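Colleague: Provided below are the primary sequence and the corresponding predicted coordinates.
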There are 2 protein chains.
Amino acid sequence: MPDTSPTPTLRLREFLPYRLSVLSNTISRRIADLYDREFGLTIWQWRVMAVTGDTPGISATDIGQRTAMDKVAVSRAVAGLIELGYLERKASEDDGRRSQLYLTRTGQSVYDEIVPMALSEEQALEAVLTPEERVELTRLMEKLAGSASPGRPLW
Amino acid sequence: MPDTSPTPTLRLREFLPYRLSVLSNTISRRIADLYDREFGLTIWQWRVMAVTGDTPGISATDIGQRTAMDKVAVSRAVAGLIELGYLERKASEDDGRRSQLYLTRTGQSVYDEIVPMALSEEQALEAVLTPEERVELTRLMEKLAGSASPGRPLW
DNA sequence: CAGAATTAGTTTCATATGTAACTAATACGC
DNA sequence: GCGTATTAGTTACATATGAAACTAATTCTG
């Protein structure tokens, strides 16, 4: 016999994946505008600069792992940054496939300028939360991240 | 004199906009794969179906407001859904610019199939949270959404 | 009511993105 | 060492996306 049970309702605005997506996109767009307007950087270029500033000499592959970017995106961001004169590449001595990436002097000064802006943007965003709420949010996000990790079956 | 204060550190993994983006993308990709694999739908097509199923006769513009999609994205998703035979368009009687959108019989049956899957996916995702944690997460996300709303200045 | 301004929705075009194919270097098995 | 399999990174191609221009219908203003 046909299924006669009524279809349950799904209100998009109450659907967690949708709410997360909208929130994340709103914030990402706002930050992307800032980086673009102030420094002519894309979000991906900025991510590459962020980890390179934190870990000079890092390889493109390692950047990918630290930034959740695929290798094509890293390759393009690095190419753009070299073009801009913010990054330089040195061949690794012990592995001719790898290259080691460093901020140039100019890149370093841009980095020194961006980091405080990024941190202040984050603080402005988080200012509506109490310190306890920030901790709690992080905890809940980590639980969800575990639940959503790719490859994990649903049950 | 030059600024001699050291640049504060920014660890990407601890940076809220980055963490949100990675979490949201992980979940979105997972769900997009499901809709694509099972029904050949994109996320945007699915969003359009979701609100049309919930509000038959809705216009493209109103869909855009309910789904945080721009009008070009709505237009393309609607065109694709009509192509697939899931949606039909009727001209509005009182306003020749608007059209009213409805699920076709086929579209309705796809909708009836997707909704339980989407809800069960959401439940699987949220299963790691207690009911109280789910409420708290929603509350924190709404606070952040208010803080991040576009156009709002930083101070 | 005529013309200007607005709105709904589509099309165009330039750019962004992901997948897969590719190149070059290294590691592995024997 | 020699051929095969891996790995780092780039390039090519097809598709997705967003901004702006466009069309058609409606509303507003005098």
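Modeller: Alright, I've got the coordinates. None of these values were measured; they are calculated from a predicted model.
Colleague: use CA for all of it now, contacts and neighbours both
Modeller: Noted.
Colleague: so where do the strands sit in chain A?
Modeller: For chain A, strands defined by DSSP state E occupy the ranges A:87-91, A:99-103.
Colleague: and the last one, what does it pack against?
Modeller: When contacts are defined as 3 or more CA pairs under 8 Å, 6 or more residues apart in numbering or on different chains; DSSP states H and E, strand A:99-103 sits against helix A:43-54, helix A:60-67, strand A:87-91.
Colleague: so which of those has the densest surroundings on average?
Modeller: For these, the largest average neighbour count (mean count of other CA atoms under 10 Å in any protein chain shown) is found in helix A:43-54, namely a mean of 21.
Colleague: tilt between it and helix A:60-67?
Modeller: 100 degrees (axes from the mean of the first three to the mean of the last three CA atoms, to 10 degrees).
Colleague: now helix A:43-54: mean pLDDT?
Modeller: Averaged over helix A:43-54, pLDDT sits at 97.
Colleague: do it and DNA strand D meet?
Modeller: No: Helix A:43-54 lies out of reach of DNA strand D by CA under 7 Å from any atom of the strand, never closer than 12.0 Å.
Colleague: which residues of chain A lie near DNA strand C?
Modeller: Counting by CA under 7 Å from any atom of the strand, chain A sits next to DNA strand C at A:70, A:72-73, A:94-97.
Colleague: among the residues you listed, who's most crowded?
Modeller: residue A:73 (16 neighbours; other CA atoms under 10 Å in any protein chain shown).
Colleague: hang on, the earlier thing: out of the helices and strands packed on strand A:99-103, nearest to residue A:109?
Modeller: helix A:43-54 (10.4 Å; CA to CA).
Colleague: from the contact counts, what lies against that closest one?
Modeller: By 3+ CA pairs under 8 Å, 6+ apart, helix A:43-54 packs against helix A:16-39, helix A:60-67, helix A:71-84, strand A:99-103, helix A:105-126.
Colleague: now those as a markdown table including distance to residue B:34 and mean pLDDT?
Modeller: Shown next, in a markdown table, are these (distance: least, CA to CA, whole Å; pLDDT from 0 to 100):
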| stretch | distance to residue B:34 | mean pLDDT |
| --- | --- | --- |
| helix A:16-39 | 13 | 94 |
| helix A:60-67 | 25 | 96 |
| helix A:71-84 | 24 | 97 |
| strand A:99-103 | 38 | 97 |
| helix A:105-126 | 32 | 95 |
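Colleague: picking that back up, would you mind giving the strands of chain A as JSON lines with distance to DNA strand D added?
Modeller: Below are the strands of chain A laid out as JSON lines (distance: least, CA to the nearest atom of the strand, whole Å):
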{"stretch": "strand A:87-91", "distance to DNA strand D": "8"}
{"stretch": "strand A:99-103", "distance to DNA strand D": "4"}
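Colleague: so who does residue A:44 touch?
Modeller: Going by CA atoms under 8 Å, 6 or more residues apart in numbering or on different chains, residue A:44 touches A:69, A:73-74, A:77.
Colleague: ChimeraX command to pick out the buried ones of those?
Modeller: The buried residues among the contacts of residue A:44 can be selected in ChimeraX (16 or more other CA atoms under 10 Å in any protein chain shown) with this line:
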select /A:69,73,74,77
